[in-house]
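Q: this is the structure alone, sequence omitted:
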């Protein structure tokens, strides 16, 4: 072959250029932990059978017929502390309406610190502080805070990564939910 | 430092040595545990999964909370008697394919296994072609025919030489 | 003041490089020799500039001069010596400064070594390439990732110090400089390769001239990689030394192509073949060093080794693109001119073995590169995130490794041009029996697993070949049988074999476990007992150490600790290891004792033969030094090189009983003089 060098050089050159283009267009600034490959959306919410901090038994299955926001947090996690007032507002509004509840699962935390935190910052919902059964693994939690919105049929419809607002959650509820239109007075 | 000069002894010796190798390797065959609850199996499985809170560590190597929890979960599943594949897929079902360090066998991801095999095949073909070309080159170089013209040239040159050229 | 001084030094260096490149190109164009000798003073100025810049930075670090932003960001009053010196390369900007310094050292060294030939256009072009690369790095230091920026430090300000992972172990002072010496060293053969392509003079002895430079670069790279693995082992907390991390992979890619080059260049010297391929290898090796630099600093891949990103990523990528496109263009243009008439007669020959070596090493490098960038490809194609990790790389490495071991056994005894199986069966006799003994020994001490045993068998086989070659050489030449290219190469092979055996053993026969231990409690792992004795807290200048005493086998007491670094709040475990020739007993605290919990959680790893990894690395470097020595001297060109081959002759030697002529592998065929 007469111009073998040129041919091979051409092929190698094309591959090299492709590699360079790949690097150029790669997601450099994206935080890899933000991109989620979690598979749980659309599947039934994994069971959580535990005792909450008040000594009452808790099970996800008890909440059929209502929306449930499963929130994974820790007292040592700054964004969790920041989102807490939003959760309080959400819980108060929807316990009045009776259509949605919140449950908090502490991740690698001490029950005493969790109780103290709730006493200080308010929040009247079930809190599970003893994650001995590693519910975070069942829910494939990778970072904190993470929240899962479970619909009245027990299916996870959305995963929120990072701190959430009341409005965000309500928007998803309105989007996903059946005919229940919730009109909530802005608080 | 060379072997026995007698060809026969050498061949026998080689055969004997290779038989010994096969026997010894056969004796020592064993598989890594795929059942049971040994810590070896925990780390073997953990090594196949990625620690998602860390940068580029496996669940076997990392000391992050999530890795420790995942190892505990692996132990729990092992105690329930599940197979390696079942345990790995249960993690992939919740965390997504990203958690598996061993790319699975379907879709675009499987290309990472296919491409090396294809390249190996192409490389072998390339080498075979190269060797064939070299052999052809060598053969061509050696098959020049001697023509009458050449003979006349040589005779003339010899005659010149004999006359004192 | 320091900032101004530092920037002035860097600017001086950059200006010197620009002037140098301009003058040399002009001189080559015009054929003006007076311009061409400028390369020497210009490279000296660049060297002085780089040394000055490094000096300013080191003084700033040692005196904690926080008017320099780099010192404020990375340094701290509390950082102990010598970690304050190593702070220079603990972050992005300083690492570029180190790279630039090494580049100027190599450039000045080349100018000095070739001082009598600076007027030769080929040498001049090589200097142009080196000065261009040096100038690029000076530009990075000045404009793209500025090293010297001022900072207005408030009163009483103290920086956070380098990342605790980089303060935990003394190897941080050695691994990066050695690694960079390797990377930067490959710039020299690359420069000469480009020069040869540009001038079209590719048939001459420049390859042999630069052989030692390539060897030194390769030796430094080997040392850097082994030290990196050692450092990783000492601090990782789980006894691992190689994680197939993208940045680690990036360091091994140029090592693989460099190794391929070292072997195939011998085919070029002997038979004049594979010239284009060798040029490609040299170019690929250098390009891969730049690619590795890019991967480590761009944030494109997830890695514990990655520095912070910025605009340096695209700049490095652009440089990589330029190098690759220009080199490929040159090779494509000149390639056909290089084609040699030679041919490899038979696969069963020294050339054939080196060809196989190249194919395998090239395939290995390709597979590692593929696995490293594959997640990026998949994400670009269908936005899916997937991972490629150790299981993939291990599975690819094992068959390639086994075949390479086999090649190492057979190749040293193969003559050039062609061999008969008869010849091989004679020469490999003792190595074969050595391998059977080695395999038997492995099975006897309890080694199990087909691939592991195959690995031990083949390593024994290759060790037998090494022993045979070295014995023959020392018998003939005394101590000189250990120096020179072939003999030093055998020593390097020995180092590789030691590492291979240690790799196989530590990957297959490690035992480990995690335990919660109360005081006085004992646990058994891998045949050894571990007893938790007590814990203590020690306050140091920059950290708090929560130490735990653990007694091993009822005898020695070891003290792993959890180090809490005060300025950043980060906690890093510092493992403690009992090193014996057969096993390493590795202790790492995962949860230290606290006031309300006196028990500790500790991870114990029992790993066989780890120390031989580092010993093997040392042997490899020693072998490299040995092979840099000249051999016996010039071979008489009239001596027969190998068995003659003809078309009308029986390829089998007639007198089968006579000893075959040994390949004169130990004689150095490198021309010592200067080609005119």
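A: Cool, the structure landed. All values reported here derive from a predicted model rather than from experimental measurement.

Q: can we go C-alpha only for contacts and neighbour counts from here?
A: Noted.

Q: let me know the pLDDT of residue B:105.
A: The per-residue pLDDT reported for residue B:105 equals 64.

Q: actually residue B:142, not the one I wrote
A: pLDDT for residue B:142: 62.

Q: for residue B:7, same thing?
A: pLDDT, residue B:7: 83.

Q: check contacts around it.
A: residue C:422 (Cα atoms under 8 Å, 6 or more residues apart in numbering or on different chains).

Q: then the one 4 residues further on?
A: Applying Cα under 8 Å, 6+ apart to residue B:11 gives the contacts residue C:425.

Q: can you pull out the helices in chain A?
A: A:4-25, A:78-97, A:111-121, A:135-138, A:166-176 (DSSP state H).

Q: what's the burial count for residue B:122?
A: When neighbours are defined as other Cα atoms under 10 Å in any protein chain shown, residue B:122 has 12 of them.

Q: mind checking which of the helices of chain A is nearest chain B?
A: Each of the helices of chain A has some distance to chain B by Cα to the nearest Cα; the shortest is helix A:135-138, at 6.9 Å.

Q: helices or strands up against that closest one?
A: helix B:65-79 (3 or more Cα pairs under 8 Å, 6 or more residues apart in numbering or on different chains; DSSP states H and E).

Q: do the helix or strand following the helix it packs on and chain A meet at all?
A: Counting by DSSP states H and E, the next helix or strand C-terminal to helix B:65-79 is helix B:84-95. Yes. Judged by Cα under 8 Å from any Cα of the partner chain, helix B:84-95 comes into contact with chain A at B:93, B:94, B:95.

Q: of the helices of chain A, which stretch is the most buried?
A: Among the helices of chain A, the stretch with the highest mean neighbour count (mean count of other Cα atoms under 10 Å in any protein chain shown) is helix A:135-138, at a mean of 20.

Q: could you give the mean pLDDT of it?
A: Taken as a whole, helix A:135-138 has a mean pLDDT of 84.

Q: can you list contacts of it?
A: Against helix A:135-138 from outside (Cα under 8 Å, 6+ apart): A:46, A:48, A:72, A:107, B:69, B:70, B:73, B:94.

Q: what is the longest helix along chain B packed up against?
A: Secondary structure assigned by DSSP H gives helix B:111-142 as the longest helix of chain B. Applying 3+ Cα pairs under 8 Å, 6+ apart, we find helix B:111-142 packed against helix C:350-382.

Q: tell me how far residue A:52 lies from chain B.
A: Look at residue A:52 and chain B: by Cα to the nearest Cα, to the nearest Å, they are 21 Å apart.

Q: could I get the contacts of helix A:135-138 as a markdown table with distance to chain C and neighbour count?
A: A markdown table is the format used below for the contacts of helix A:135-138 (distance: Cα to the nearest Cα, whole Å; neighbours: other Cα atoms under 10 Å in any protein chain shown):
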| residue | distance to chain C | neighbour count |
| --- | --- | --- |
| A:46 | 24 | 15 |
| A:48 | 27 | 19 |
| A:72 | 23 | 22 |
| A:107 | 17 | 26 |
| B:69 | 13 | 20 |
| B:70 | 14 | 22 |
| B:73 | 14 | 19 |
| B:94 | 14 | 20 |
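
Q: turn the residues you listed into JSON lines, columns for pLDDT and distance to residue C:167.
A: Listed next are the contacts of helix A:135-138 as JSON lines, based on pLDDT from 0 to 100; distance: Cα to Cα, whole Å:
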{"residue": "A:46", "pLDDT": "87", "distance to residue C:167": "43"}
{"residue": "A:48", "pLDDT": "83", "distance to residue C:167": "43"}
{"residue": "A:72", "pLDDT": "89", "distance to residue C:167": "34"}
{"residue": "A:107", "pLDDT": "83", "distance to residue C:167": "30"}
{"residue": "B:69", "pLDDT": "85", "distance to residue C:167": "28"}
{"residue": "B:70", "pLDDT": "88", "distance to residue C:167": "29"}
{"residue": "B:73", "pLDDT": "88", "distance to residue C:167": "34"}
{"residue": "B:94", "pLDDT": "84", "distance to residue C:167": "38"}
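
Q: pick out the residue of chain A closest to chain C.
A: Taking Cα to the nearest Cα, chain A has residue A:6 as its residue nearest chain C, at 4.2 Å.

Q: endpoints of stretch A:58-74, how far apart?
A: 19 Å (Cα to Cα, to the nearest Å).

Q: show residues contacting that stretch.
A: Against stretch A:58-74 from outside (Cα under 8 Å, 6+ apart): A:45-52, A:80, A:98-109, A:114, A:126, A:136, A:141, A:144-154.
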